[in-house]
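Colleague: how would this look folded up:
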Amino acid sequence: MILIFHGSRDADRNEHAAEIARAIGLEYAFLYVEPRFTGGPGIPMFISDGDDYRKALELSSIKTPPLIKWPGFVDYLKSLGAGLYIFHGPDRGESNLGLPVAFLEGEPSLDEAPCVETAAPVVLTRGYIYKKIAQKYARCNAKLLPPLGDQGAFLQYLKTAIKQVVSNL
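Modeller: From the prediction side, this is the model:
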């Protein structure tokens, strides 16, 4: 199985995706940069539904839902205890999770989000999107949690969840 990530001109983001795959013992590929995913048993690594997720799903022979619909994913987010969960957006159902949310792109906008003690950017990797969230939310003196891929507990969750999600297909 191959983890399918977006891929970016941001080398830090791409390297972090590779680190995540190695940490859970799987291969990786990208939609838009090398190594490019061209088809086969891939698992799209996208938080929510969107054009890029659907493109990855179309190429993959494994039809997994976006992470937000995986068993235990929302519970994992809740366990972080953040006062705000920041998604890339635009909203594709993230507002209905029972969590206080804001979006880098979409409504409710991160620009108007309340300042909290701890905020959780809901992104998989370091790199451009995480940095953009940190930059926009710098107006608040909040502790920003690291990307999910830098959280050991999330990597453990991912290992277990992949097996569960794939076996339920």
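
Colleague: Please enumerate the strands of the chain.
Modeller: In the chain, strands defined by DSSP state E lie at 2-5, 27-30, 42-44, 84-87, 101-103, 118-121, 143-144, listed in chain order.

Colleague: And the last one, what does it pack against?
Modeller: Meaning strand 143-144. Based on contacts counted as 3 or more Cβ pairs under 8 Å, 6 or more residues apart in numbering; DSSP states H and E, the elements that strand 143-144 packs against are strand 118-121. In short, each C-beta sits where N, CA and C put it, glycine included.

Colleague: any chance of the strands of the chain in a markdown table, plus mean neighbour count, mean pLDDT and distance to residue 55?
Modeller: Below are those laid out as a markdown table (neighbours: other Cβ atoms under 10 Å; pLDDT from 0 to 100; distance: least, Cβ to Cβ, whole Å):
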| stretch | mean neighbour count | mean pLDDT | distance to residue 55 |
| --- | --- | --- | --- |
| strand 2-5 | 25 | 97 | 9 |
| strand 27-30 | 20 | 97 | 11 |
| strand 42-44 | 24 | 97 | 9 |
| strand 84-87 | 25 | 97 | 19 |
| strand 101-103 | 23 | 95 | 21 |
| strand 118-121 | 22 | 98 | 23 |
| strand 143-144 | 15 | 97 | 29 |
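
Colleague: show me where this protein has helices.
Modeller: In the chain, the helices defined using DSSP state H lie at 11-23, 51-59, 73-79, 128-136, 152-167.

Colleague: closest to residue 116 out of these?
Modeller: When the helices of the chain are ranked by proximity to residue 116, the top entry is helix 128-136, at 13.5 Å, counting by Cβ to Cβ.
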